[in-house]
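Chemist: Provided below for reference: sequence and predicted model.
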Amino acid sequence: MKHSPKLLLLPFALTLAIAACKPAEPPAPAADAAPAVPEATAPAEAPVEGVSGTYVIDPNHTNVVAQWSHFGFSNPVANFGQVEGTIVYDADNVGASSVEVTLPLSGLSSFATDFNEHLSSADFFDVAKFPNATFKSTSVESTGGNRLKVTGDLTIKDHTNPVVLDVTINRFAEQPMAKRAAAGFDATTTIKRSDFGVGAYAPNVSDEVQLRITTEAVVAADAPAAD
Amino acid sequence: MARSLTRLASGLALGALATTAAAAPLTYTIDASHTDVIAQWNHLGFSNPTAHFGQVEGAIVYDADDVSASSVEVTIPLSGLNSHVARFDEHLRSADFFEVETFPVATFRSTSVEAAGEGRLKVSGELTIKGTTRPVVLDVALNKAGPHPRNNRPTIGFDATATVLRSEFGPGRGAPAVSDEVKIRITTEAQAESAPE
């Protein structure tokens, strides 16, 4: 499987979409802001050939990055780490694929310790009561060009709402160190944090939060060899 | 005298609910708790991990009427490096990569600022990592300029992007399977001194 150089070509235009300042207006929603990280993936020239399997998410190579707007001035990010979960991929029938992940909120990391504490408190995630967030897909469709549309239920605190992930398949190949089949994906979506009970300080701090996910997953060590 | 003129300018700008930053160069101190430098690379073609560099210190001199009179200088302590994977942070700090004990900070100092369209700037400057200095060009967007709702101080916010080849600065290990190209994205807020009463 070739390592597509296109993966490294980021559409910079996306990161330069900010209009001139207008302090009298409410801050621009996060959706208008530069993405937390530039879009890392463009559709590959050739279709990435899928390999069926049950892939276990590698928490050390998985980031879930949230980005929002702070009074319209900056676009901060926080990272949800230590993600666990499974991706079941059916190369012959993509619609039979599924994904289920758990995000332990102990893995939540912003850029400042006191902000981490604030986020963990009852003002926001109330981590003592709700230690995990979860996502479970309800449908997976191919949308062409190594892209998938993954619909599923996102649960944060005691709120569950459907979200749609725009997914790009990065690669299916043997992981060179694990020497087992592996898969890599990127995904994006935008949610309204108030839908999940973490809406404090909106709209000055934007209600809209962009989520950008990158993940590698590897078949389990005791899984039968693929194909 | 210069100080009160600057304050007068700020006052006039704020009084008019200016849609741009104060006229004449104004020095804004970077707010480290609302500034983030995010690096992203490609890992074996599978994923596009990120790490961030926090605790950024520095100042932005910004002149809305003559952006070429603007400048920026920042210091990034590598103790603020966070990849969200503890073992990888240790590896990054080691001599294999940033050698943080010997080179505790990275710095960026602008050499020129040009307008690049409405609300956009091209900032050229010198980035120093591990004692190696290379020119880098930042594509900058001005998000907003105006009084901060919390303390009324003149505040500006920018986003900026650039791409570097990490091998040019030393930490090139693992390339190209782990990409040499690193995309950098910066978001920052900076505040000037209190506006006059």
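Modeler: In hand now; what should we look at?
Chemist: and stretch A:205-224, how far from the chain's centre?
Modeler: 5 Å (CA atoms, centre = their mean, to the nearest Å).
Chemist: quick one, strands of chain A?
Modeler: A:53-57, A:63-67, A:77-80, A:84-89, A:98-104, A:108-109, A:132-144, A:147-156, A:159-175, A:180-192, A:208-219 (DSSP state E).
Chemist: how about JSON lines for those strands, with distance to B:Thr187 and mean pLDDT added?
Modeler: Yep, even glycine has a C-beta here, placed from its N, CA and C like the rest. As requested, the strands of chain A are exported to JSON lines (distance: least, CB to CB, whole Å; pLDDT from 0 to 100):
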{"stretch": "strand A:53-57", "distance to B:Thr187": "28", "mean pLDDT": "96"}
{"stretch": "strand A:63-67", "distance to B:Thr187": "9", "mean pLDDT": "95"}
{"stretch": "strand A:77-80", "distance to B:Thr187": "8", "mean pLDDT": "93"}
{"stretch": "strand A:84-89", "distance to B:Thr187": "29", "mean pLDDT": "97"}
{"stretch": "strand A:98-104", "distance to B:Thr187": "23", "mean pLDDT": "96"}
{"stretch": "strand A:108-109", "distance to B:Thr187": "16", "mean pLDDT": "88"}
{"stretch": "strand A:132-144", "distance to B:Thr187": "24", "mean pLDDT": "96"}
{"stretch": "strand A:147-156", "distance to B:Thr187": "24", "mean pLDDT": "97"}
{"stretch": "strand A:159-175", "distance to B:Thr187": "22", "mean pLDDT": "97"}
{"stretch": "strand A:180-192", "distance to B:Thr187": "17", "mean pLDDT": "97"}
{"stretch": "strand A:208-219", "distance to B:Thr187": "13", "mean pLDDT": "97"}
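Chemist: Relative to B:Ala141, tell me which of those strands wins on proximity.
Modeler: Closest of the strands of chain A to B:Ala141 is strand A:63-67, at 14.5 Å (criterion: CB to CB).
Chemist: got the strands of chain A as JSON lines, with distance to chain B and mean neighbour count columns?
Modeler: Output for those, formatted as JSON lines (distance: least, CB to the nearest CB, whole Å; neighbours: other CB atoms under 10 Å in any protein chain shown):
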{"stretch": "strand A:53-57", "distance to chain B": "10", "mean neighbour count": "21"}
{"stretch": "strand A:63-67", "distance to chain B": "6", "mean neighbour count": "24"}
{"stretch": "strand A:77-80", "distance to chain B": "5", "mean neighbour count": "22"}
{"stretch": "strand A:84-89", "distance to chain B": "12", "mean neighbour count": "18"}
{"stretch": "strand A:98-104", "distance to chain B": "12", "mean neighbour count": "20"}
{"stretch": "strand A:108-109", "distance to chain B": "6", "mean neighbour count": "21"}
{"stretch": "strand A:132-144", "distance to chain B": "16", "mean neighbour count": "16"}
{"stretch": "strand A:147-156", "distance to chain B": "16", "mean neighbour count": "18"}
{"stretch": "strand A:159-175", "distance to chain B": "4", "mean neighbour count": "19"}
{"stretch": "strand A:180-192", "distance to chain B": "3", "mean neighbour count": "21"}
{"stretch": "strand A:208-219", "distance to chain B": "4", "mean neighbour count": "24"}
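Chemist: Make a markdown table out of these and add distance to B:Val37.
Modeler: A markdown table is the format used below for the strands of chain A (distance: least, CB to CB, whole Å):
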| stretch | distance to B:Val37 |
| --- | --- |
| strand A:53-57 | 27 |
| strand A:63-67 | 14 |
| strand A:77-80 | 11 |
| strand A:84-89 | 28 |
| strand A:98-104 | 24 |
| strand A:108-109 | 15 |
| strand A:132-144 | 26 |
| strand A:147-156 | 28 |
| strand A:159-175 | 24 |
| strand A:180-192 | 21 |
| strand A:208-219 | 17 |
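Chemist: Show the contacting residues for A:Thr143.
Modeler: A:Thr143 is in contact with A:Lys149, counting by CB atoms under 8 Å, 6 or more residues apart in numbering or on different chains.
Chemist: repeat that with 10 Å
Modeler: Residues near A:Thr143 by CB atoms under 10 Å, 6 or more residues apart in numbering or on different chains: A:Val94, A:Lys149, A:Asp166, A:Val167.
Chemist: so how far is A:Glu84 from it?
Modeler: The spacing between A:Thr143 and A:Glu84, counted by CB to CB, to the nearest Å, is 27 Å.
Chemist: Check B:Ser83 too.
Modeler: For B:Ser83 relative to A:Glu84 (CB to CB), the value is 18 Å.
Chemist: Okay, now stretch B:63-71: how far is its last residue from its first?
Modeler: Length of stretch B:63-71, first residue to last, CA to CA, to the nearest Å: 9 Å.
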